[in-house]
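Q: I would like to see how this sequence folds:
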Amino acid sequence: MPRRSFHRTAAIFGVIRDRELRALWFADWVSDAGNFVTFIALAVYVNKLTGSALAVGIALALRSIPWFTIGPFGGVLADRVDRRRLMIGSNLIRAALVAALPFTHAAWQAYAIALASSSFGPMFRPARGAMLAQIAAGERLVPALVVTETTHQVLHTLGPAFGGLIVLALGPRNAFFVDAASFVLSAAFILTIPTRGRPPPSEHPVLEELRDGGRAIVRVPAVRTYSVMNAGMYFGGAGVTALLVVYVRDVLHRPGGEFGLVLSVAGLGTVLASLAIGARDDHHPRTPWTYLAVIGMAAFCLAVFSPALGFLLPIALVSGLTDAGTGIPMSATIAEALPDAVRGRVYGAVMGLNEFAAASGSVLFAWLGEPGRLGIPGGLALAAGVGAGLGLAVLVFGGAEHIRRFERERLTALAARSV
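A: Numbers count the residues shown, from 1 in each chain. The predicted structure is shown next:
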């Protein structure tokens, strides 16, 4: 990285000198690391119980269902209650539920508890996004978003490796206790942040507020583009993730924990791209990153050739462009283009749309990847191709122009302020 870009990146990360933002940052990465343990442990555990790719797809899809059913209502709740209390309560309840997973003995039991635990994520995340905007207001907001998003992507590197090691060392059952402890520790960090109290009471009914969140997305073409593009990529990417654990175990005949190694390398690609975005964001448009995200998704089309682990890892590295190329630009654009009053609802709606796409893709492509249909390599390649194709279609049919227009306005405003 050039020296000037390095100094810009270091300046961005200077925002975590703020005590409250640093506490929220710690809470994020502790919880994220624990989530990767359960994500990998659940996939390996269900695969051991059933021996079925479809069963793994269902397990991962069930974790997405709350996001598109109660997720939008979670966004409304985040705009109505004390966000700090909502986050702490959600984490403690999830800790108790995840700690119950080791005591299950059938796939349906694991499904039920995983679904119950996931139901509190749609309450936590919109509250967290809205609270971040309260802690890092004004000019600090975008740097704070870059820091938290980049850190999240760093955990895409460390988290899967950590999760895979925990599963290999403790077994999938005992690994769930590690995630439970991470939720408790995350709640402890959030407890150190002073409360902002409840937002002003709303005079509108819940359904009207839900519609306000949807209308806010539709009104801004760049936000609308990122939302639809992300959903298409999530649809294909969820199929890739669901089939990867079965590919590692049943095609490559390697320990299930090495599934975490593949995700870890993908996370490394995301981290490198995220740092580049953060260093260049104040002088360069974000539009090229959307095309790189499509290329990253398309990389797993090479799975049709049944690559060995040594070839699968470089493919995973390139695929890391997908999360960075759309994740950070979308979060920053929402923060820049929309008022704080609707951000909780917008985050809830966007997450709900993404997770609906993820749940659908996880089940569909896992079903297609079963022996007797396309098989695991064919299912992986198809999932990647569909995700990349949907993302590219959004850009070609007007999305790229919407983003370019927003970026011209953003960079012009930045240049004017720097004069």
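
Q: how much space between the residue nearest to P285 when sequence neighbours are not counted and A222?
A: Excluding the flanking residues, the one nearest P285 by C-beta to C-beta, 6 or more residues apart in numbering is E407, at 3.9 Å. (C-beta placed from N, C-alpha, C; glycine too.) Separation of E407 from A222 (C-beta to C-beta, to the nearest Å): 8 Å.

Q: out of these two, which sits in the more crowded spot?
A: Taking other C-beta atoms under 10 Å, E407 and A222 do not tie; A222 has more neighbours (25 against 17).

Q: so that one touches I403, yeah?
A: Yes. Here A222 reaches I403: they are 5.2 Å apart, a contact under C-beta atoms under 8 Å.

Q: Which neighbours do E407 and A222 have in common?
A: Residues touching both E407 and A222 by C-beta atoms under 8 Å, 6 or more residues apart in numbering: none at all.

Q: Against F26, how distant is the residue lying closest to S31 once chain neighbours are set aside?
A: Using C-beta to C-beta, 6+ apart and skipping the chain neighbours, the partner closest in space to S31 is S186 (3.9 Å). As judged by C-beta to C-beta, S186 and F26 stand 8 Å apart.

Q: out of the two, which sits in the more crowded spot?
A: Per other C-beta under 10 Å, whichever of S186 and F26 has more neighbours is S186, with 29 against 18.

Q: That one: which element?
A: Per DSSP states H and E: S186 is located in helix 141-191.

Q: do G269 as well
A: G269 belongs to helix 258-280, assigned by DSSP H and E.

Q: which secondary structure elements does that helix contact?
A: helix 3-13, helix 19-50, helix 141-191, helix 221-246, helix 287-298, helix 309-319, helix 321-337 (3 or more C-beta pairs under 8 Å, 6 or more residues apart in numbering; DSSP states H and E).

Q: can you redo these as TSV with distance to F73?
A: Formatted as TSV, the helices and strands packed on helix 258-280 follow (distance: least, C-beta to C-beta, whole Å):
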stretch	distance to F73
helix 3-13	34
helix 19-50	22
helix 141-191	21
helix 221-246	18
helix 287-298	29
helix 309-319	33
helix 321-337	19
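
Q: Indicate which one of these is closest to W108.
A: Taking C-beta to C-beta, helix 19-50 is the member of these nearest to W108, at 9.9 Å.

Q: Helix 221-246 and the closest one, what's the angle between them?
A: Going by axes from the mean of the first three to the mean of the last three C-alpha atoms, to 10 degrees, helix 19-50 is angled at 40 degrees with respect to helix 221-246.

Q: Which positions in the following helix or strand past helix 19-50 come out as buried?
A: Later in the chain than helix 19-50, the nearest helix or strand by DSSP H and E is helix 53-62. Buried positions in helix 53-62, judged by neighbour count with 16 or more other C-beta atoms under 10 Å: 53-62.

Q: Residues touching helix 53-62, excluding its own?
A: Contact with helix 53-62 is made by 39, 42-43, 46-47, 49-50, 107, 110-111, 114-115, 118, 238-239, 241-243, 245-246, 250, 358-360, 362-363, 365-367, 369-370, 376, 379, as judged by C-beta under 8 Å, 6+ apart.

Q: Let's see that with 6 Å instead.
A: Defining contact as C-beta atoms under 6 Å, 6 or more residues apart in numbering, one finds that helix 53-62 is touched by 42-43, 46-47, 107, 111, 114-115, 242, 245-246, 359, 362-363, 366-367, 369-370.

Q: Alpha carbons only: can I get the helix holding G269 in CSV?
A: What follows is helix 258-280, C-alpha atoms only, in CSV (Å, rounded to 0.1, in the frame of the first residue of the first chain):
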residue,chain,number,x,y,z
GLU,A,258,-11.1,-27.3,7.3
PHE,A,259,-14.3,-25.8,6.0
GLY,A,260,-13.3,-23.0,8.4
LEU,A,261,-9.9,-22.7,6.7
VAL,A,262,-11.6,-22.1,3.3
LEU,A,263,-13.9,-19.4,4.7
SER,A,264,-10.8,-17.9,6.5
VAL,A,265,-8.9,-17.5,3.2
ALA,A,266,-12.0,-15.9,1.7
GLY,A,267,-12.1,-13.5,4.6
LEU,A,268,-8.4,-12.6,3.9
GLY,A,269,-9.4,-11.5,0.4
THR,A,270,-12.2,-9.4,2.0
VAL,A,271,-9.8,-7.8,4.5
LEU,A,272,-7.3,-6.8,1.8
ALA,A,273,-10.0,-5.3,-0.4
SER,A,274,-11.6,-3.6,2.6
LEU,A,275,-8.4,-1.8,3.6
ALA,A,276,-7.9,-0.7,0.0
ILE,A,277,-11.5,0.7,-0.1
GLY,A,278,-10.9,2.5,3.2
ALA,A,279,-7.7,4.1,2.1
ARG,A,280,-9.1,5.3,-1.3
